[in-house]
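*Asks:* only the shape, not the letters, is given here:
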């Protein structure tokens, strides 16, 4: 009898131990799965536009005590250099391609683990949480095109802020505000999206007696979103560009109404439950009850922003240049990097179908299940081919469909969770990250769509589980069937990850090592490796002391050859990014240089005699008295300019 009693007491302990071990196994699986995708991609990818080398050069320049924006040219905020430069200057991590890609691999893992925790908090469905986490790991594959990019830290802060709102920590609002400040001071557009979403979540803590304030606050935010978006798109508001501010305004107002009105779903004719918000102490301990979550978020965000700006000021950057570097310089970039998200017929039709499915939660869940399966299949098709720098293959469909599901996070829930509200905001505003900036921003702006669709599908399964207890066995069979669907999605995600890893591993095995300083482990196509080695050899044989590029700066050659740049402004596409002051400094440095190697990449157009302006004048000075050798492959040219006393 006693043995039976002891056994019965030990059963809960065994179950708790098994549960904890299962969580540990899940984390181990996700870490291994992420590394299985990340390592082969990072060791086989070399983007032609070389943002990796550009970021490395800015870190090198800053570590040599050249102030940000004053002498060191960079598009990114000071928070990135605050967090990253100590790794190299204090901890001694070498500034090489290997070290930078190792750092990217580590920052690849953390958002995946955070996704698992967020999904378990918001949905509670283990299979869909695992599936979503696996797809996020695959979705981050375009990190390999730009290792070391500040978007890695911006994404980490965004996911950490979302995870904090899903937790029960009394200090979550303070810490989330700090995360938003770091995110914004790394990348302004990502920080804007995170801050808007975080403040929206904080505003639902306004008590019922002040309910009338919510629509006013949300309307102000909607207009602010429109104003910022219109400013970003000022050069491209004609044609397709006008779609984005209008679409964002409509989506944001709908989302704000769903949050601000308890029964707006019934007013819209939707078969949903009434929304309820728990305002007991606002989730704060007695020590923090005197502070409203909105006050906590804004205070900590502004304080951390000021501290980061003060750090940059103490490192030599003036206040005026700090404002220009963080905000002012980005207006010109939208003009030259105009890449709208493609609005295909399939995408628009899918959006209309999703909108029609809001008549019931089951319909919306079915649409989410189909869209999730389609997105996995689409990702699997892309994974069968090597990663390339086509900016339109990083989640363009998901960037449009994800916001269509965001109201489903709220209108079918009886209690409104702050994490859900923030996730809905991130999904709706995601296209602001994806447009109009080139590169991997499309991947970053569509990532929240995976979480949103996964939570919507999980809600449908939970609703059917509740219905199952009241109805016949047919409802039970339906729940089991949907659970099998979720498991099939997980299998599809795992197979997709394996396909990506196999393709990249085969590319590494069949490729050739670059064999250059700090990049010996990176394997590329034999002809590509031969070209890179030949260019490095040609630059070294020129015997010059300084190196400069015409039109398109490939910064990795500075690390491979040991030659110095003319200035600390080494933007990738400098003709489109430099101001008049920076162009003037470059011309002066060219004229004063005694020994200069000039490299003309294959994608740089020839300088025409009729071209005028500061850019054309700079290029003419660069070509003056420079002897070029065009023996290099794919149209590259290397010249030597020797100015004798």
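*Replies:* Now that the structure is in, tell me what you want to look at. Since this is a predicted model, take the numbers as computed values, not measurements.
*Asks:* what secondary structure does the residue nearest to the spatial centre of the chain sit in?
*Replies:* When Cα atoms, centre = their mean is applied to the chain, the residue found nearest the centroid is residue 444 (3.1 Å). Of the three states, residue 444 takes helix under DSSP: H, G, I helix; E, B strand; the rest coil.
*Asks:* likewise for residue 109?
*Replies:* Applying three-state DSSP: residue 109 is helix.
*Asks:* can you tell me which residues contact it?
*Replies:* 30-31, 34-35, 38 (Cβ atoms under 8 Å, 6 or more residues apart in numbering). No exception for glycine: its C-beta is placed from N, CA and C like everyone else's.
*Asks:* distance of it from residue 93?
*Replies:* Distance from residue 109 to residue 93, counting by Cβ to Cβ, to the nearest Å: 18 Å.
*Asks:* again with residue 396
*Replies:* Residue 396 is 35 Å from residue 93, by Cβ to Cβ.
*Asks:* residues contacting stretch 366-381, please?
*Replies:* Residues outside stretch 366-381 that contact it (Cβ under 8 Å, 6+ apart): 131, 135, 138-139, 350, 353-354, 357, 397-398, 401, 405, 408, 450, 453-454, 456-457, 460, 482, 485, 489, 492-493, 495-496, 499.
*Asks:* let me see the mean pLDDT of that stretch.
*Replies:* Across stretch 366-381, pLDDT averages out at 88.
*Asks:* that stretch: which residues count as buried?
*Replies:* For stretch 366-381, burial by neighbour count (16 or more other Cβ atoms under 10 Å) applies to 366-372, 375-376, 378-380.
*Asks:* one more: stretch 161-176?
*Replies:* Applying 16+ other Cβ under 10 Å to stretch 161-176 flags 161-167, 170, 172-176 as buried.
*Asks:* most widely separated two among those residues?
*Replies:* 162 and 170 (17.7 Å; Cβ to Cβ).
*Asks:* ok, and the closest non-adjacent residue to residue 305?
*Replies:* Leaving aside its sequence neighbours, residue 305 sits nearest to residue 181 (Cβ to Cβ, 6 or more residues apart in numbering; 4.5 Å).
*Asks:* could you look up the SS state of that neighbour?
*Replies:* helix.
*Asks:* surely it touches residue 304?
*Replies:* Yes - at 3.6 Å, residue 181 counts as touching residue 304 under the criterion of Cβ atoms under 8 Å.
*Asks:* A helix includes residue 599, no?
*Replies:* No - counting by three-state DSSP, residue 599 is not part of a helix but strand.
*Asks:* who's in contact with the residue lying closest to it once chain neighbours are set aside?
*Replies:* Among residues not flanking residue 599 along the chain, residue 549 sits closest, at 5.0 Å (Cβ to Cβ, 6+ apart). Residues counted as contacts of residue 549 (Cβ under 8 Å, 6+ apart) are 598-601.
*Asks:* between residue 181 and residue 304, which one's more packed in?
*Replies:* Legend: neighbour count by other Cβ atoms under 10 Å for residue 181 and residue 304, higher for residue 181 (25 against 20).
*Asks:* now do the strands in this structure.
*Replies:* Ranges of strands in the chain, per DSSP state E, are 512-513, 523-524, 546-549, 564-565, 595-600, 627-629, 637-642.
*Asks:* okay if I get the ones you listed as CSV plus mean pLDDT?
*Replies:* Listed next are the strands of the chain as CSV, based on pLDDT from 0 to 100:
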stretch, mean pLDDT
strand 512-513, 93
strand 523-524, 92
strand 546-549, 91
strand 564-565, 90
strand 595-600, 89
strand 627-629, 81
strand 637-642, 83
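*Asks:* right, so of those, which gets closest to residue 412?
*Replies:* Comparing the strands of the chain by Cβ to Cβ, strand 523-524 comes nearest, at 49.0 Å.
*Asks:* packing partners for that closest one?
*Replies:* Where contact means 3 or more Cβ pairs under 8 Å, 6 or more residues apart in numbering; DSSP states H and E, strand 523-524 is packed against helix 473-510, strand 512-513.
*Asks:* which other helices and strands does the last one contact?
*Replies:* Same thing as strand 512-513. Strand 512-513 sits against strand 523-524, helix 526-541, with contacts defined as 3+ Cβ pairs under 8 Å, 6+ apart.
*Asks:* and of those, who's closest to residue 87?
*Replies:* strand 523-524 (25.5 Å).
*Asks:* which other residues reach the closest one?
*Replies:* 43-44, 46, 507-509, 511-514, 529, 532.
*Asks:* go on, stretch 138-147?
*Replies:* 37-38, 41-42, 44-45, 47, 51-52, 55, 97, 100-101, 103-104, 107-108, 111-112, 149, 152, 379, 383, 387, 389, 394-395, 439-440, 443, 446-447, 450, 493, 496-497, 500.
*Asks:* please indicate which of these are buried?
*Replies:* Neighbour-count burial (16+ other Cβ under 10 Å) is assigned, among the contacts of stretch 138-147, to 37-38, 41-42, 44-45, 47, 51-52, 55, 97, 100-101, 103-104, 107-108, 111-112, 149, 152, 379, 383, 387, 389, 394-395, 439-440, 443, 446-447, 450, 493, 496-497, 500.
*Asks:* domain map for this structure?
*Replies:* 2-504, 525-642 (automatic domain parsing).
*Asks:* any idea which of those domains is most buried?
*Replies:* The highest average neighbour count among the domains of the chain, using mean count of other Cβ atoms under 10 Å, belongs to domain 2-504 at a mean of 19.
*Asks:* what stretches of this protein score poorly on pLDDT?
*Replies:* Low-confidence segments of the chain, defined by pLDDT under 70: 1-22, 170, 205-291, 331-343, 387-395, 413-416, 435-440, 466-476, 478, 643-645.
*Asks:* one more time with 50, if that's ok
*Replies:* 1-9, 15, 19, 208-212, 233-240, 261-290, 389, 391-392, 645 (pLDDT under 50).
*Asks:* turn the buried residues of stretch 161-176 into a markdown table, including distance to residue 641.
*Replies:* A markdown table is the format used below for these (distance: Cβ to Cβ, whole Å):
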| residue | distance to residue 641 |
| --- | --- |
| 161 | 50 |
| 162 | 52 |
| 163 | 54 |
| 164 | 55 |
| 165 | 57 |
| 166 | 59 |
| 167 | 59 |
| 170 | 64 |
| 172 | 58 |
| 173 | 58 |
| 174 | 56 |
| 175 | 54 |
| 176 | 53 |
